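1. Structure for this input, please:
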Amino acid sequence: MTLTRPLTHTAAPATFAEAAEHHLDDVFGFLLYLTRDRALAEDLAGATFEKALRLWPRFDARRGSARTWLIGIARTTALDWFRSESRRRRREEAAALPEAHEGDFVEGLSPALQQAIASLSAGEREVIALRVVLELEGEQVARVLGISPTAVSTRLSRALKKLEEKVRDDELR
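-> Residues are numbered from 1 along each chain as shown. Model (predicted):
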């Protein structure tokens, strides 16, 4: 999936339908990047927009953009799913389940870079997705993640350093 439309997000949408239509690709792409599973990302995107529709009357454009608000809801939806899935796995005492199929959030990445991204933790992939791929500002990422802008910068710096080291190590082999 590639993002081909311009990333202008300053005007507040007049309706939920406008917000949903304008930011659907970003929300889906973010969820795909987190889950690395297209079907799961589709399900979580549906749940995200269902929640957002119910919460739309409480959306306040003065507190942040619709894009940031929707991505925050998507993040919460994904975290809830991961927690629920973890509890389900523990209850069933299942043996190791196959890992989710790795999906590409951005097409055209080298296999080495895709593999390096896949080896990062979910939190590291998340900050890269928000800050680098979706090009959210540091303060917007901080709002979505519920951390300080300084923590965002630190996480991003560490994640990018890990990526650089992993790609360099793969090239030396």
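
2. OK, contacts around the spatially most central residue of the chain?
-> Within the chain, the residue whose C-alpha comes closest to the C-alpha centroid is F30; the distance, by C-alpha atoms, centre = their mean, is 3.1 Å. For F30, the residues meeting the contact criterion (C-beta atoms under 8 Å, 6 or more residues apart in numbering) are 71, 74-75, 105, 129-130, 134. Glycine gets a C-beta too; all of them are placed from N, C-alpha and C.

3. and for the helix or strand that T154 is a member of, what are the contacting residues?
-> Counting by DSSP states H and E, the element that carries T154 is helix 149-172. Under the criterion C-beta under 8 Å, 6+ apart, residues 110, 112-113, 115-117, 119-120, 123-125, 127-128, 131-132, 138-139, 141-142, 145, 147 lie in contact with helix 149-172.

4. what does stretch 109-127 give?
-> Contacting residues not belonging to stretch 109-127 are listed as 33-34, 36, 75, 82, 102, 104, 128, 141, 145, 152, 155-156, 158-159, 162-163, 166-167, 170-171 [C-beta under 8 Å, 6+ apart].

5. buried subset of the contacts of helix 149-172?
-> Members of those that pass the buried threshold by neighbour count (16 or more other C-beta atoms under 10 Å) are listed as 116-117, 120, 124-125, 127-128, 131, 138, 141-142, 145.

6. Farthest pair within those residues?
-> Within these, A116 and A142 form the most distant pair, 24.8 Å apart (C-beta to C-beta).

7. Domain map for this structure?
-> According to automatic domain parsing, the chain is divided into the following domains: 7-103, 105-173.

8. In JSON lines, list the ones you listed along with mean pLDDT.
-> As requested, the domains of the chain are exported to JSON lines (pLDDT from 0 to 100):
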{"stretch": "domain 7-103", "mean pLDDT": "83"}
{"stretch": "domain 105-173", "mean pLDDT": "84"}
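
9. The host helix or strand of E50 - contacts with which helices or strands?
-> Element membership of E50 [criterion: DSSP H and E] is helix 38-55. Contact partners of helix 38-55 among helices and strands, from 3 or more C-beta pairs under 8 Å, 6 or more residues apart in numbering; DSSP states H and E: helix 16-35, helix 66-92.
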